[in-house]
Each structure stands twice: as C-alpha cells, then as structure tokens.
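Colleague: 3D model of this:
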Amino acid sequence: MKDANEQAFKYRNLRVNGMAMYDSVCCQVIYSQFGLAIHQNDHQARRRFVEWAQNENAVIPDFHERILFSDEAHFWLNGYVNKQNCRIWSEANPQVYVETPLHPEKLTVWCALWAGGIIGPYFFKNEEGHNVTVNGNRYRAMITNFFIPELNNHDVQELWFQQDGATCHTARATIDLLKDTFGDHLISRFEPVNWPPRSCYLTPLDYFLWGYVKSLVYADKPQTLDHSEDNIRRVIADIRPQMLEKVSENWTSRLDYIRASRNSHMPEIIFKM
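Modeller: Below you'll find the predicted structure:
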C-alpha cells in the first residue's frame, strides 16, 4: 500500500470558498487565497523582508533551513474551510459571503515547521480538556509548557522563529517570552525582523501544511473531534523529511518570484514536489 503522502497527490479537493488541489499528474498543490484586502504599505513591507531574507541566504547558504515557521489553524468537524487560510486578494471589499455553522465544533491546532521537522501538533484545550480557541494566555502557556521543552533537541542559537501579527502573538508578555529563548532571532510584527502582513504565501503552513493535512484528515469524514484529532496527529507524523526539505527549498523560490514580480501578490500559489 502506498503511504499517505503519495496518496495525497491523487486526492483532489475542490471547495466553494477556496481551492486546495493535489494533482497526481504534475505533483503540485494549487492553493488559491481568498478574502483579504491589500493595504497600501504591504508591498513595501514585503520588499524589505524579501531583501533581508535573500541577503541572509547569500551569507548563510542554508539560512532558509533554519527558520521555524509557526501558525494556528481551525479544523472544523463538518469540514468547513476556515477563511483565515483561504483569501481573496482585492483592493476593495470583495463582498464574499461564507456560510458558517451556528454552533461550530472545531479544533484549534498549532504547529511549527522547518526543514528539520514539525513541532506539533498542539491542540488548545482548557483545564477540563475541552477544545478552546487561542488567546494570549493560552498561547504563552503553549510556548512555556510545550514548545520550549520540544526545542531541547535542537540548537536554538542557530534557529529563527517566525509568527504572524495576531494579537495573541504580539502582546508584550509574549514577545518577551520568545526573546528569552530566541533573542534577536525573532521574525514577528514590529520585532527585530518585521513579518510583513498579509503574506500567507510566504509561510509554509499556509501554502503547504494546512491544505495538505486537511485533504487527508477529512478523507474518511470524521464524526467526532477525537477522531479528527487522531487523524491530524497521524497525518502530520507521516510527513516525510524529504517533503519538508522541498518545502524549505520552495520558500527561496517564492522570495525570487516576489522580487522579480515587484513584490505583487501571487495570483496562484503553486507548490511543486
């Protein structure tokens, strides 16, 4: 029997409000982004980040393999696609309507991904073990009790940590906690290296991991959150090191694409295996 990673590329998944397609012919993932307006200063912030990253790569050839990219995603029990990870790029409000359940059942999952592996998944739960969404206190508890202990097997001095500009990520208490571990090797909003807003196609979790995992997690139509959680753990554990190496290499190609295209957004996000 072929492993789960090979099966994924034969699985096609087309959604009304987003698209994640795994093509067995050319082995590529096309992931269209939905529902986010472009701000006037986005291109300038993105250009500064791309120039910084390419300069680091020129000095340290394996720099792109030293970045821990992190993010959360919702996994809805009914298979609903979270529009946080599916966006329409537009200069104005695209007037997109997304139907959501009245009382949604979902898991909020965090992962960090780099060329050396995946740390996670981490599921946000309260003291009673019930699934909850992320806030500042829960995010810091995850960093203290889960993430930092998981880093014991890695040389933190050589790693950079990336997170987006969500409020729970950028609270002063959170930034101070991360700086205790990573020092200036922090890529975050307004921090030593500023992560450009609305740049989901620059983080492997958005352009690869979440779409890939969801295509397999929902394949057997899980009926309970526990079943979904088991599927998520299994799928992420089965991701091969060779795949993560290609994801990391693809990141540098994205930097080149953005710079060559004068820092405009990518109309289609194509990840080639």
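Colleague: Stretch 186-202: which residues count as buried?
Modeller: Using 16 or more other Cβ atoms under 10 Å as the test for burial, stretch 186-202 gives 186-189, 191, 193, 195-202. Every residue, glycine included, has its C-beta placed from N, CA and C.
Colleague: Next, the distance between the ends of stretch 206-220.
Modeller: One end of stretch 206-220 to the other measures 23 Å (Cα to Cα, to the nearest Å).
Colleague: From the contact counts, what lies against the longest helix along the chain?
Modeller: Criterion DSSP state H: the longest helix present in the chain is helix 241-260. Judged by 3 or more Cβ pairs under 8 Å, 6 or more residues apart in numbering; DSSP states H and E, helix 241-260 is in contact with helix 42-59, strand 106-114, strand 117-123, helix 204, strand 270-272.
Colleague: go with 10 Å
Modeller: Here helix 241-260 touches helix 4-8, helix 42-59, strand 67-76, strand 106-114, strand 117-123, helix 204, strand 270-272, going by 3 or more Cβ pairs under 10 Å, 6 or more residues apart in numbering; DSSP states H and E.
Colleague: so what pLDDT did the residue at minimal distance from the centre of the chain get?
Modeller: Geometric centre of the chain, nearest residue: residue 205, 2.1 Å, by Cα atoms, centre = their mean. Residue 205 carries a pLDDT value of 94.
Colleague: Which residues are in contact with it?
Modeller: For residue 205, the contact set (Cβ atoms under 10 Å, 6 or more residues apart in numbering) comprises 69-73, 85, 110-113, 118, 162, 164, 211-213, 247.
Colleague: So residue 142 sits against residue 120, correct?
Modeller: Yes - assessed by Cβ atoms under 10 Å, residue 142 is found in contact with residue 120 at 9.4 Å.
Colleague: Give me the common contacts of those two.
Modeller: Residues touching both residue 142 and residue 120 (Cβ under 10 Å, 6+ apart): 72, 110.
Colleague: tell me the angle the longest helix of the chain makes with strand 67-76.
Modeller: Per axes from the mean of the first three to the mean of the last three Cα atoms, to 10 degrees, the angle that helix 241-260 makes with strand 67-76 is 100 degrees.
Colleague: Would you mind extracting the C-alpha trace of helix 241-260 into CSV?
Modeller: The C-alpha atoms that make up helix 241-260 are tabulated as CSV, following Å, rounded to 0.1, in the frame of the first residue of the first chain:
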residue,chain,number,x,y,z
PRO,A,241,11.6,14.6,5.9
GLN,A,242,12.2,14.7,2.1
MET,A,243,8.9,16.6,1.7
LEU,A,244,9.9,19.2,4.3
GLU,A,245,13.2,19.7,2.6
LYS,A,246,11.4,20.5,-0.7
VAL,A,247,9.0,22.8,1.2
SER,A,248,12.0,24.7,2.6
GLU,A,249,13.7,24.9,-0.9
ASN,A,250,10.4,26.2,-2.3
TRP,A,251,10.4,29.1,0.1
THR,A,252,13.5,30.6,-1.5
SER,A,253,11.9,30.3,-4.9
ARG,A,254,9.0,32.3,-3.6
LEU,A,255,11.4,35.1,-2.5
ASP,A,256,12.8,35.2,-6.0
TYR,A,257,9.3,35.3,-7.5
ILE,A,258,8.1,38.1,-5.3
ARG,A,259,11.2,40.2,-6.0
ALA,A,260,11.0,39.6,-9.8
